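**Q** Fold the following.
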Amino acid sequence: METNKMILVEQFCSNCDINFSFINALNDYGVIEIIVVDDKKYILNQQLKTLERAIQFHYELNINIEGIDVIHNLLHQIDDLQEELRLTKNKLRAFDVDE
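**A** As a prediction, the model looks like this:
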């Protein structure tokens, strides 16, 4: 796998002054996914927004890992419902008849 689309967890933790145990806990709960390549741990660039949000929840709002997991799952449900609503609106437009 190409590591140019991934961030080295060790470097991220060092740059952001974050404990690796926090990142590992997020991985354990499925909030982010750690990928191991050549015995080095990475996260995908596309997960950076999720990781930064989790860091903000934890360090600025004092929300524990379990709370972050719940918030993460609820945000996914909201995204899914918004997409379903968008698709339904598009289908209804096909039946919309101007009188």
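**Q** Show me the shaky parts of this structure.
**A** Filtered on pLDDT under 70, the chain yields the residue ranges 1-3, 97-99.
**Q** Where is the longest strand in this structure?
**A** If you go by DSSP state E, the chain has its longest strand at strand 40-44.
**Q** Show me what the helix or strand just after that one packs onto, helices and strands only.
**A** Downstream of strand 40-44, the first helix or strand assigned by DSSP states H and E is helix 48-55. Packing partners of helix 48-55 (3 or more Cβ pairs under 8 Å, 6 or more residues apart in numbering; DSSP states H and E): helix 20-29, helix 65-95. Glycine gets a C-beta too; all of them are placed from N, C-alpha and C.
**Q** quick one: buried residues of the longest strand of the chain?
**A** K41, Y42, I43, L44 (16 or more other Cβ atoms under 10 Å).
**Q** Need the residues you listed in TSV (columns: distance to I23).
**A** What follows is these, written out as TSV (distance: Cβ to Cβ, whole Å):
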residue	distance to I23
K41	8
Y42	11
I43	8
L44	13
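**Q** So which elements touch the longest strand of the chain?
**A** strand 6-8, helix 9-16, strand 35-37.
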